[in-house]
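*Asks:* no sequence on this one, just coordinates:
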């Protein structure tokens, strides 16, 4: 059982084909032996027919005359007739007189001569021929009838030759089939096993050869390559997610540490009695309230992102993007009087949650007002399948690598983390989550000195 389990497919294939070849050889040998025995039986029957009349049936006193008559008789025959006396001397009376017959006569060994009629094979007196002999007791000797075995040998030889050629063709075909099966099936599987071992060892750059045509092994290799690619991508994404999670925790801790430190500091000052003056107490409580409000906004933003990461609930209705953009621009004009806002036109209607979409636009416009220049332009564009809202500012812009990460959490255009430059860096992250919940996309184009353009693209456009 153990040996059978440890045999490879290649070994089993070759063993099976070897077994088929061995069976073919055994069958061919059996056929050749059986055919030879059949031909020899036919030869013995012919000897029996050539041997009549038998000297054995004649009276002993008539034997010399009968032998003389047999010698004088002329007829066409293949058989050699003769008489062997008790001393072993062969007297030939009739030889084969057919065309092409040999002049050789059989060599009769005394050991083959018995008191009963017998058939045996013996050599010829010359050459390599053999004779099949029928010996029957007659008088003081034996009546001999012999036929050459050339035809039997020739037929048997042709049969063996044909079988040898057939077996060679069968074995050659089996070897070709084995090579073909090994090349298209077993060898690729062996490479897959080796590749799997390398992958299990941590080498995810391994790829399988897929040049086997349209075979099942080729399809399997392609499937495995796709699986390895997905696995590699999943592992890389997991590493990136873990890195982002570590960065998120570090940034969240940083953002919370400052207001917490402020609150604890004023609480300690109050406990130690350092805030006796009413003005100092009012300032301390105002700062504490401000930092607490900042922590509340940060926690609320993080909870909002957590909801979108889970399963956000959207109240989807038809939303007029032009009307929504006009309202948001009007609100921003009041909230940020130092910045000029302009709605550049365009119209489209999309199925969306109006409140969530308003929040997304407000986040982008507020970010443009704080970090951009003194002018922000909002426009709506529509195609047959989607609609886009573009928010462009004439601010200093961002480096491309910063713009590529602007929608990540706690990422800001500057690295100073001063409160004057903006919030915690969650605004665009929330906007991206809202747009993604609507199955849309958010893109940012920016360059130093060229301003920044944020594009919110949503599916399901319809002209208004």
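*Replies:* Here it is on my side, so go on. Every value quoted in this text rests on a predicted model; they were computed, and no experiment measured them.
*Asks:* Now do the same for residue 414: its pLDDT.
*Replies:* What the model reports for residue 414 is a pLDDT of 50.
*Asks:* go on, residue 410?
*Replies:* Among the per-residue scores, residue 410 holds a pLDDT of 64.
*Asks:* cool, residue 382 as well?
*Replies:* 86.
*Asks:* Show me what it is bridged to.
*Replies:* For residue 382, the beta-bridge partners are residue 387 (DSSP bridges).
*Asks:* Now do it: how many residues are near it, please.
*Replies:* A count of nearby residues for residue 382, using other C-beta atoms under 10 Å, gives 20. (C-beta placed from N, C-alpha, C; glycine too.)
*Asks:* Likewise for residue 383?
*Replies:* Residue 383 has 10 nearby residues by other C-beta under 10 Å.
*Asks:* Could you do residue 39 as well?
*Replies:* Residue 39 sits with 18 neighbouring residues when counted by other C-beta under 10 Å.
*Asks:* where's residue 389, which helix or strand?
*Replies:* Per DSSP states H and E, residue 389 falls inside strand 386-393.
*Asks:* starting at the chain centroid, how far to that strand?
*Replies:* Mean C-alpha position of strand 386-393 versus that of the full chain (C-alpha atoms, centre = their mean, to the nearest Å) differs by 45 Å.
*Asks:* That strand packs against which elements?
*Replies:* Counting contacts by 3 or more C-beta pairs under 8 Å, 6 or more residues apart in numbering; DSSP states H and E, strand 386-393 is packed against helix 321-335, helix 354-371, strand 375-382, strand 452-459.
*Asks:* Over to residue 81. Which of the three states is it?
*Replies:* Under DSSP: H, G, I helix; E, B strand; the rest coil, residue 81 falls in the strand class.
*Asks:* can you give me phi and psi for the nearest residue to it once chain neighbours are set aside?
*Replies:* Among residues not flanking residue 81 along the chain, residue 94 sits closest, at 3.9 Å (C-beta to C-beta, 6 or more residues apart in numbering). Dihedral angles of residue 94 (phi, psi; degrees, to the nearest 10) stand at phi -140, psi 130.
*Asks:* you'd agree residue 94 is up against residue 78?
*Replies:* No: counting by C-beta atoms under 8 Å, residue 94 does not reach residue 78; the two are 10.4 Å apart.
*Asks:* Next up, the contacts around the closest residue to residue 398 other than its chain neighbours.
*Replies:* Among residues not flanking residue 398 along the chain, residue 446 sits closest, at 4.3 Å (C-beta to C-beta, 6+ apart). For residue 446, the contact set (C-beta atoms under 8 Å, 6 or more residues apart in numbering) comprises 397-398, 400, 402-403, 406, 452-453.
*Asks:* taking those one by one, which sit in strands?
*Replies:* 452-453 (DSSP state E).
*Asks:* Looking at the contacts of residue 446, which is nearest residue 234?
*Replies:* Closest approach to residue 234 among the contacts of residue 446 (C-beta to C-beta): residue 406, at 25.5 Å.
*Asks:* mind listing what that closest one touches?
*Replies:* Contacts of residue 406 (C-beta under 8 Å, 6+ apart): 398, 413, 428, 444, 446.
*Asks:* In helices, which of those residues appear?
*Replies:* Residues of the contacts of residue 406 located in helices (DSSP state H): residue 428.
*Asks:* Next, format the contacts of residue 406 as a markdown table and append distance to residue 328.
*Replies:* Formatted as a markdown table, the contacts of residue 406 follow (distance: C-beta to C-beta, whole Å):
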| residue | distance to residue 328 |
| --- | --- |
| 398 | 22 |
| 413 | 21 |
| 428 | 16 |
| 444 | 18 |
| 446 | 21 |
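*Asks:* what residue ranges in the stretch 301-450 of the chain score low on pLDDT?
*Replies:* 301, 304-312, 409-425 (pLDDT under 70).
*Asks:* and with 50 instead?
*Replies:* 415-422 (pLDDT under 50).
*Asks:* Report how many residues lie close to residue 51.
*Replies:* Count around residue 51 with other C-beta under 10 Å applied: 20.
*Asks:* check contacts around it.
*Replies:* 79, 134, 136, 143, 145.
*Asks:* Tell me the one of the contacts of residue 406 nearest residue 298?
*Replies:* For those, the nearest to residue 298 is residue 428 (15.0 Å; C-beta to C-beta).
*Asks:* Surely the closest one is in contact with residue 367?
*Replies:* Yes: between residue 428 and residue 367 there is a contact under C-beta under 8 Å: 6.2 Å.
*Asks:* overlap in contacts of the two?
*Replies:* Residues touching both residue 428 and residue 367 by C-beta under 8 Å, 6+ apart: residue 454.
*Asks:* In a markdown table: the contacts of residue 51, plus pLDDT and neighbour count.
*Replies:* Formatted as a markdown table, those follow (pLDDT from 0 to 100; neighbours: other C-beta atoms under 10 Å):
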| residue | pLDDT | neighbour count |
| --- | --- | --- |
| 79 | 83 | 22 |
| 134 | 91 | 23 |
| 136 | 91 | 19 |
| 143 | 90 | 25 |
| 145 | 90 | 25 |
